[in-house]
Structure formats: C-alpha cells, structure tokens
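Chemist: fold the stuff below for me.
(one chain, ligands or ions: 1)
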Amino acid sequence: MYFHGTTKVNEKNHLEIGGVDTVNLVQKYGTPVYVYDVALIRERARAFKDTFDQLGIKSQVAYASKAFSSIAMFNLVKEEGLSLDVVSGGELYTAIAAKFPMDRVHFHGNNKGKDELELALDYNIGCVVVDNFYEIELLQQLCMEKNKKISILLRVTPGIEAHTHDYILTGQEDSKFGFDLQNGQAEQALIMTLESKYFNVLGLHCHIGSQIFDSTGFTLAARKIIDQLYNWHNKLKYFPPVLNLGGGFGIRYTDEDEPLSPDSYVKEIIIEVQKRTNYYHLPLPEIWIEPGRSLVGEAGTTLYTIGSSKDVPNVRKYIAVDGGMSDNIRPALYEAKYEAVLANRPLDVVEDSFSIAGKCCESGDMLIWDLPLPKIVNDDILAVFCTGAYGYSMANNYNRIPRPPVIFVENGEDQLVVKRETYEDIIRLDLPLESKINS
Ligand code: LLP
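Modeler: A predicted model of the protein is given here:
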C-alpha cells in the first residue's frame, strides 16, 4: 500500500494523517469526512513555484480552484503565494470572502455571465481568460460602461490531444473551449482585442487535458503556440508577455498511475519554451500554469463507516459505506480508480476482496471494485485515498444526502474548515406548495 505525504500507520495500528489519528477524527467529526494533509498541499505548491523561482523564470502558479474550493483552502493558497484560477461567480465570491489578493485572480469559463464579469471588474481581478467572440463583445461593453481597462489572456485550442479519459479532454480542435489556433479564429480574436482600448492583452492560454502523465503534450502545445507567436510577431508586431499552459498534471491514484514530479513537469516546459523562443530570437515570456488536481488530489482522504454487506456466492462480496457518489462521483462518472485501507487497522492481514458500494439509490454507485481487505467487522472505518481533487467540489445532494465536512490536519492538529451539512441545510431553499385545491 502506498501512503502519500504524512499519512502513516501509528503504534496503535491506526491510520494517521498530519500527525492526527484518524480514529480520533472519526470520533470527533463522524463519517463520512474529508481529511486534508495540509503539509502535502504546501509541499506541492512549493515544488511548482520554487522550480520556476530557482531557475529564474518569471511565473505565476495559479491554483485551479475547481479541484477544491473553500475559504480556508484559498487562505492556504494565499499563504503559499500562489495565484488563483476561478471559473464562476461562486468561486470568485469565495475568493473575495477569503480576502484573496484580487490582482492574482484569473477568471476562466466558456460562458461567463454579465453579472460574473461585472463582479470581476468591480473587484479589479488580475485577468480574464477570454474564451470566445461573444465574451470579447460583452467584456468590452462592460469595460466601456465602467470606464475600466482589463488585462486578458486569450484561450486557444492548439489541437493537441492529451492521453487521458475522453470526458476530460479540452485541448483538441473539436472543443467547446477557446479560439482555434489553426483556423484563423485566434488571430482574429487577437487583432480585435489588440485594437480595443479596453484590453491589455497579456498573452495566450491553453489547457490540453487532465491527469496527464508525461510532459509531451505540454511541450508540443508550447511549441505550436510559439510557432504561431512568431508568425504574429512578424505580421502584427506583437509578442505577448505571458504564456499560460494550463493545468492537468497527473497524480497517483493507484499503482497503475505513474505521473512525473511537479518539478519535472515544470523543468521540461521551461526547457521547451526557452528552446523555441531562442530558435526564433524571441524574448522569453512569463510562464504561467494552473495545477488543480496535483496540488490537492493526493492530500485528500475520505473516511467512511462500513455498514451493510452482501455476499453473492461465487461472484462477489459487497460492503456498503455511509457515503458514495454523493461525496465522490468520479468512479460513476469517469470509472475512476481508488485505493483504500481500514483506517482502524490498516496492517491487519488481508483476507478477501470486497467491492465497496455507496449508499445512493443507483446500481452505478460503486466506489471501488474488488478491494483486498481484512475480515470486516461492524463499524470498521474505510479510508479512501486521493479524494482531494474533484471530490468535495463535485459533491452533491443526490438522495438528499448531506455533504460531509472537511477537516485540515497539520502538525498533530485538526481544524474543521467546512461544516457538515445538516438536514436543515438540505431543506433550506425549499418552499411549501401554495395549494390551489379548496379544502
Ligand atoms: N486550467 C483549466 C483551464 C482547466 O480547465 C482545468 C481543469 C485546470 C486548469 C486544472 O486541471 P487539473 O490540474 O486539476 O487536472 N472533474 C474532472 C476534472 C475536470 C478538469 C477540468 N479542467 C475529474 O474529476 O477528473
């Protein structure tokens, strides 16, 4: 079994994270509960940022907050000196509430609303990543009304396919995101925005996909974009100060996954950008990246209590936990794989394999198939690893199941950073029927 970060087994044969016994956490907070190893998030943040700094490359590392956003998480991102990528008014509002430095906020999205862009302009955010022609018009109109100028990046699709699950490909030509680099749309968008007095065009952005294990996709994308920048440099006499290559750096969910380390991704990207810009005698742009999953994914563990079980003779043994696709929709949505152990006795001898079912009313609500575990007794605690990215942020109230709380652990201390939803919360927005039937 592979343990990430500070996760280990203590002398009581209990799983410990951040110096805190997970059995104690369960007694204190109940289950299901998401636990984040803060030291590991800091380690990851520093690995990305320090690599740029040590090589003297101007950069911004923006945390892609869709992976997990909360006020405490944004406070942590601020402490570590990273920037922040938001994709909706809700994420932006969370950043405002967390008092995140607005000049380090980058706003993404393929259909930003007028109210969302207004919020961004009113709070003077660092830049808007403009996605389409509709947005150019809308943003320009709003800047005119507010008499403001905004820094922008243009999101382009460089036509690179990253080798990952189809559902999470975003960089290929046939994509809902961005301006196509090859068919002239990106050039048209660049000319339009350069001509506008309301825009400060910082440069280009691309994001080629997610859970990518090598650097080839990133370096190919960088090369394609710089080739285009060279053409534009000659034709339009413009060279942008910023090249943003997005996120997508892979993590190790199971031993089938073999990602590079953060510093290796960064170094290989830097080498390619340096090589290509040198080749054309162009200046080196600032390099920005947007890791999400690779900052928080491995740092998150979900603890569940095991309840019912079902034995289908000669087929499979099922055991059910007190959560499921409501707190982790990734197995149902992407066939995502996870590893897990019993948190209350991780070193006990493995006896059999069990398939872990969620409690939602849907056959597809299975978290893990055929997991080797010791003999199960009632109230055993299951720790599912690597749930820190797109777990809480994609959690939902299917079957009106309240969302679990989030706990940060570090240096032997635990802190509640998102409260458990209550049944009261569940019905908070409901209104009774105004009956039209005469009684
Ligand atoms: N930047 C942009 C523009 C993105 O669209 C994304 C992810 C990221 C950065 C961060 O990517 P990461 O480093 O986290 O891979 N729900 C899916 C992932 C969707 C990712 C969408 N965009 C999942 O659970 O795997």
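
Chemist: right, and the ligand sits closest to which residue of the stretch 301-439 of the chain?
Modeler: residue 390 (3.2 Å; C-beta to the nearest ligand atom). The way it works is simple: take the backbone N, C-alpha and C, and place the C-beta from them, glycine included.

Chemist: measure the residue nearest the centre of the chain to residue 102 for me?
Modeler: Compute the mean C-alpha point of the chain, and by C-alpha atoms, centre = their mean the closest residue is residue 67, 2.3 Å away. To residue 102, residue 67 is 20 Å away according to C-beta to C-beta, to the nearest Å.

Chemist: surely residue 362 meets residue 325?
Modeler: Yes - between residue 362 and residue 325 a contact is recorded at 6.7 Å, counting by C-beta atoms under 8 Å.

Chemist: give me the more crowded residue out of the two.
Modeler: residue 325 (24 against 12; other C-beta atoms under 10 Å).

Chemist: before we move on, the earlier item: which residues touch the residue nearest to the residue nearest to the centre of the chain when sequence neighbours are not counted?
Modeler: The shortest distance from residue 67 to any non-neighbouring residue, by C-beta to C-beta, 6 or more residues apart in numbering, is to residue 292 (3.4 Å). Residues in contact with residue 292 (C-beta atoms under 8 Å, 6 or more residues apart in numbering) are 63-67, 85, 247, 389.

Chemist: near the ligand at all, the helix ranked longest in the chain?
Modeler: Longest helix in the chain by number of residues (criterion: DSSP state H): helix 216-236. No - using C-beta under 6 Å from any ligand atom, we find that helix 216-236 stays clear of the ligand, coming within 11.5 Å at best.

Chemist: and the helices in the stretch 251-400 of the chain?
Modeler: In the stretch 251-400 of the chain, the helices defined using DSSP state H, counting those that start in this stretch lie at 262-279, 293-296, 330-334.

Chemist: just name the most buried of the ones you listed.
Modeler: Here the criterion is mean neighbour count by mean count of other C-beta atoms under 10 Å, and of the helices of the stretch 251-400 of the chain the winner is helix 293-296, at a mean of 30.

Chemist: tell me how far that one lies from the chain's centre.
Modeler: Distance of helix 293-296 from the chain centroid (C-alpha atoms, centre = their mean, to the nearest Å) equals 6 Å.

Chemist: give me the contact list for that helix.
Modeler: Contacts of helix 293-296 (C-beta under 8 Å, 6+ apart): 36, 41, 44-45, 48, 63-64, 67-68, 73, 210-211, 247-251, 259, 262, 388-390.

Chemist: what's the average pLDDT for it?
Modeler: Averaging pLDDT along helix 293-296 yields 98.

Chemist: before we move on, what about stretch 128-146?
Modeler: On average, stretch 128-146 scores 98.

Chemist: put the alpha carbons of that stretch into PDB.
Modeler: What follows is stretch 128-146 as a C-alpha-only set of coordinates in PDB (Å, rounded to 0.1, in the frame of the first residue of the first chain):
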ATOM      1  CA  VAL A 128      -9.900  37.500 -17.500                       C
ATOM      2  CA  VAL A 129      -9.100  34.400 -19.700                       C
ATOM      3  CA  VAL A 130     -11.300  35.300 -22.700                       C
ATOM      4  CA  ASP A 131     -12.800  32.300 -24.300                       C
ATOM      5  CA  ASN A 132     -14.900  33.400 -27.300                       C
ATOM      6  CA  PHE A 133     -16.100  36.300 -29.600                       C
ATOM      7  CA  TYR A 134     -19.300  36.700 -27.600                       C
ATOM      8  CA  GLU A 135     -17.200  37.300 -24.500                       C
ATOM      9  CA  ILE A 136     -15.000  39.800 -26.200                       C
ATOM     10  CA  GLU A 137     -18.000  41.900 -27.100                       C
ATOM     11  CA  LEU A 138     -19.600  41.600 -23.700                       C
ATOM     12  CA  LEU A 139     -16.500  42.300 -21.700                       C
ATOM     13  CA  GLN A 140     -15.700  45.300 -23.900                       C
ATOM     14  CA  GLN A 141     -19.200  46.700 -23.400                       C
ATOM     15  CA  LEU A 142     -18.900  46.300 -19.600                       C
ATOM     16  CA  CYS A 143     -15.500  47.900 -19.600                       C
ATOM     17  CA  MET A 144     -16.900  50.800 -21.600                       C
ATOM     18  CA  GLU A 145     -19.800  51.300 -19.200                       C
ATOM     19  CA  LYS A 146     -17.500  51.100 -16.100                       C
END
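
Chemist: so is it next to the ligand?
Modeler: No - using C-beta under 6 Å from any ligand atom, stretch 128-146 never reaches the ligand; the gap is at least 7.3 Å.

Chemist: report the buried residues of that stretch.
Modeler: Residues 128-132, 135-136, 138-140, 142-143 are the ones in stretch 128-146 that count as buried (16 or more other C-beta atoms under 10 Å).

Chemist: try stretch 230-244
Modeler: For stretch 230-244, using 16+ other C-beta under 10 Å, the buried residues are 230, 232-233, 239-240, 242-244.

Chemist: roughly how far apart are residue 37 and residue 315?
Modeler: In this view, residue 37 and residue 315 are 36 Å apart by C-beta to C-beta.

Chemist: more neighbours: which of these two?
Modeler: Between residue 37 and residue 315, counting by other C-beta under 10 Å, residue 37 is the more crowded of the two (25 against 8).

Chemist: got the residues of the protein near the ligand?
Modeler: When proximity is defined by C-beta under 6 Å from any ligand atom, the chain lies next to the ligand at 64, 67, 85, 108, 168, 170, 207, 210, 246-249, 290-294, 330, 334, 389-390.

Chemist: buried subset of those residues, written for PyMOL?
Modeler: Per 16+ other C-beta under 10 Å, the buried members of these correspond to this PyMOL selection:
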select buried, resi 64+67+85+108+170+207+210+246+247+248+249+290+291+292+293+294+330+334+389+390
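
Chemist: of the residues of the chain next to the ligand, which belong to strands?
Modeler: 64, 85 (DSSP state E).

Chemist: now stretch 70-80: buried residues?
Modeler: Using 16+ other C-beta under 10 Å as the test for burial, stretch 70-80 gives 70, 72-74, 76-78, 80.
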